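1. this one's sequence-less:
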C-alpha cells in the first residue's frame, strides 16, 4: 500500500515534506574553470517523497541528467548536500548507495538469458541461491516476462528489453530507482504502453521512482509530481495539473504544451486574481500565481483549449481566422488579432459538427472564461 502524501505546493521549491526520500539541498555542479567554466546545476533544492513517481523534465542541456547522476553517485556535487532518508550520501560511491539506475541503452548482457540478466545483480551481492531464484521469479512475474525467462535478450523486442532492465534494477530492492529516458528508443505506440507499465510497476512496488525525460506528454501522463528545469535551475515543482494549468513563468508555460501569450497592464488586484488591460484595449480577469504580488506590466497565458470561438463582437476580442487545422480529435483555429498577435483556439470535434466551422478569412471573436487566463511570474 502506498503511503499518503503531503499536500503539493507548486510554489514551494524547497519545502521539506515529512516523508522525503531524497532531499537535494543547495546542489551546484560546475565543470572546468575560467573561460571553460560551465555551470550544469545552480543551487538546486528539490524534495522527492517516499513511494513517489517524480519526474525531472526539461530540454536537452538543462541539467536533469546531471542531477540524476549526482543522486546515483556517478558524479559528485561541487557544493550542496544530497540526503537519502536524512543521511548525506553525496560522498558515497554508487555501490554504497541503495539506489539503482535504468539507463537509456538498458545495458543488458547480450550473452545472457532474460532470467540470467535479472539475477546477475543478486549474484554479485552474494545472495543465497534460493533467495536469488525466488526474487528473480517475482521480478519476471512483475514485468510479465515469465514465459520468456530462457530467451536470450538479443531475441526479444525493445519493449521487452526495457522490462528486463527494469526488473534487473528492481531485483536488489533499492530504496530509489533512477530512470534516465528509458523509453526514448521505443516507437510511439510501444512508448505509450510502457508509460502505463512503468506507472503500474512503481505503484505495485512502492519504490520511489525518479524519471528523467524531455517529453512533456510522458511527464504529464506518468508523474505524481514534476520538476521543470532550465539552464541548471528548477523553475517549478507541482502535479501535472498544476504545472499545466498554473505555470509559474513563461518558460514553463511555453515548454509544457501550447500557449497563447498576451501582454497587458494590471489595473486592479484581488486576493487571487487581477484585472488586466490588454494591448488592444480589452480588459480581462486573470489568476495570480500563489504568493506573488504583481503590478504594472504583465504577461498573461491562455491555453488554446481554454478559449472558445464565437461570432465577431461577442467575446473578449476580435480577429480574423487565418487557418483551421483539423487534427481528428480536435481543430486548431489560428486567429490574427487586431493587435497583430496570433492566437490559437483548440476545440474538440463533434460528429456531424463540420458545418459549424467558420470559414478562413471570417471575422470571429475569442471568448476567455474567468479561470482561463493566468498571470505569469516575473
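-> Happy to help now that I have it. Since the model is a prediction, treat every value here as computed from it, not as a measurement.
2. What residues does residue 68 make contact with?
-> 56, 101, 178, 180, 210, 212 (C-beta atoms under 8 Å, 6 or more residues apart in numbering). Bear in mind the C-beta positions are built from the backbone N, C-alpha and C, glycine included.
3. buried ones in whatever helix or strand it lives in?
-> Using DSSP states H and E, the element containing residue 68 is helix 64-72. Within helix 64-72, the residues scored as buried using 16 or more other C-beta atoms under 10 Å are 64, 65, 66, 67, 68, 69, 70, 71, 72.
4. which element follows it toward the C-terminus?
-> strand 79-84.
5. Just the buried residues of that next one, please?
-> Buried residues in strand 79-84, counting neighbours by 16+ other C-beta under 10 Å, are found at 80, 82, 83, 84.
6. Tabulate these (a markdown table), appending distance to residue 328 and pLDDT.
-> A markdown table is the format used below for the buried residues of strand 79-84 (distance: C-beta to C-beta, whole Å; pLDDT from 0 to 100):
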| residue | distance to residue 328 | pLDDT |
| --- | --- | --- |
| 80 | 47 | 94 |
| 82 | 45 | 95 |
| 83 | 47 | 96 |
| 84 | 46 | 94 |
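7. Could you check the angle the helix holding residue 68 makes with strand 79-84?
-> Computed with axes from the mean of the first three to the mean of the last three C-alpha atoms, to 10 degrees, the direction of helix 64-72 lies at 60 degrees from that of strand 79-84.
8. now helix 64-72, how far from the centre of its chain.
-> 16 Å (C-alpha atoms, centre = their mean, to the nearest Å).
9. before we move on, back to that, can you tell me which of the contacts of residue 68 has the largest number of neighbours?
-> Greatest neighbour count in the contacts of residue 68, by other C-beta atoms under 10 Å, goes to residue 56: 29 neighbours.
10. Assign a three-state SS to it, would you?
-> strand (DSSP: H, G, I helix; E, B strand; the rest coil).
11. still on that earlier bit, quick check: the farthest pair among the buried residues of strand 79-84?
-> The span of those, defined through C-beta to C-beta, is set by 80 and 84 at 14.1 Å.
12. related to what we said a few turns ago, in strands, which of the contacts of residue 68 fall?
-> Judged by DSSP state E, strands contain the following of these: 56, 101, 178, 180, 210, 212.
13. tell me the domain boundaries of the protein?
-> 20-98+174-245, 258-375 (automatic domain parsing).
14. Select from those the stretch with the lowest mean pLDDT.
-> Mean pLDDT values for the domains of the chain show the minimum at domain 258-375, a mean of 87.
15. can you give me the offset of that domain from its chain's centre?
-> Relative to its parent chain, domain 258-375 has a centroid offset of 25 Å by C-alpha atoms, centre = their mean.
16. Distance check, the residue nearest the centre of the chain against residue 114.
-> Centre of the chain computed as the mean C-alpha position; nearest residue by C-alpha atoms, centre = their mean is residue 219, 3.3 Å away. To residue 114, residue 219 is 29 Å away according to C-beta to C-beta, to the nearest Å.
17. And residue 314, by the same measure?
-> 62 Å.
18. who has more neighbours, the two?
-> Using other C-beta under 10 Å, the more surrounded residue of residue 314 and residue 114 is residue 114, with 28 against 12.
19. I figured that one hits residue 140, correct?
-> Yes: the pair residue 114 and residue 140 passes the contact test of C-beta atoms under 8 Å, sitting 7.4 Å apart.
20. Please consider this matter closed, and thank you.
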